[in-house]
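Novice: This is a predicted model, with the sequence first.
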Amino acid sequence: MDQHKVKHIIQSVLKGNHSAFSEIVKAHKDLVFGLSLKISQSQNDAEEISQETFIKIFQQLASFRGQSKLSTWIYRITYFTAINYLKKHKKFVAEPLELESQHPQVKSFDSLSHDEQKRYINKALNRLNPQERAIITCFYLDEFTLKETAEITGNTIGNTKIKLHRTRAKLKTILNELLPQEATMLY
């Protein structure tokens, strides 16, 4: 959605044309649900988080200043809504580690099928807390810039760099426990 169209839709909604809000929902529902699912790791929670997010977006639409892209602003609201939802409902439960010794046949990450590789990466991501999972998702999976990731998470660029570094190190440790020979691929 280009900036001119975004501005027009927002002005229309703010003037009382609430049906115009459906264009914002349609354009961003996959982004909101995708991030909600990545953070919560639950279809039901992601649906609830998405609903809460769009309610907040509607309520806060007048505060959007256009200093960033609308999608970045929406991503930020989704991020904080998901984190707060999980804290409120005490939903973070780390998946127990499956140690490499339980899979002695696994020699290298490259020898795994694409689906198996995704499974191990997801196991490692599930061991992260929601904020860590979200920062990795923003920067690496959704390919936001460092500046955008910092804006979304409410951190400075320097703090975001530190958190990314620490989270990569934590992922390396987790993958080392899952697939010892493969953790070296992260650096």
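Specialist: Structure's in. What do you need? Numbering: from 1, shown residues only.

Novice: contacts, neighbours, all on C-alpha from now
Specialist: Fine.

Novice: any idea how far residue 82 is from residue 130?
Specialist: For residue 130, the distance to residue 82 equals 8 Å [CA to CA, to the nearest Å].

Novice: quick one: common contacting residues for these two?
Specialist: Common contact partners of residue 130 and residue 82 (CA atoms under 8 Å, 6 or more residues apart in numbering): 39-40.

Novice: out of these two, which sits in the more crowded spot?
Specialist: Ranked by neighbour count (other CA atoms under 10 Å), residue 130 and residue 82 place residue 82 first, with 29 against 25.

Novice: Distance check, the more buried one against residue 37.
Specialist: The gap separating residue 82 from residue 37 is 9 Å, by CA to CA.

Novice: And for residue 72?
Specialist: To residue 37, residue 72 is 17 Å away according to CA to CA.

Novice: The helix or strand bottoming out on mean pLDDT in the chain: how far from the chain's middle?
Specialist: Every helix and strand of the chain was ranked by mean pLDDT, DSSP states H and E. The lowest is helix 114-126, at a mean of 79. In terms of CA atoms, centre = their mean, to the nearest Å, the centre of helix 114-126 is found 16 Å from the chain centre.

Novice: Okay, buried residues for it please.
Specialist: Residues 120, 123-126 are the ones in helix 114-126 that count as buried (16 or more other CA atoms under 10 Å).

Novice: with those residues in mind, which one is nearest to residue 2?
Specialist: residue 125 (33.2 Å; CA to CA).

Novice: Now do the closest one against residue 19, distance only.
Specialist: Residue 125 is 38 Å from residue 19, by CA to CA.

Novice: Same check on residue 79?
Specialist: Distance, residue 79 to residue 19, using CA to CA: 25 Å.
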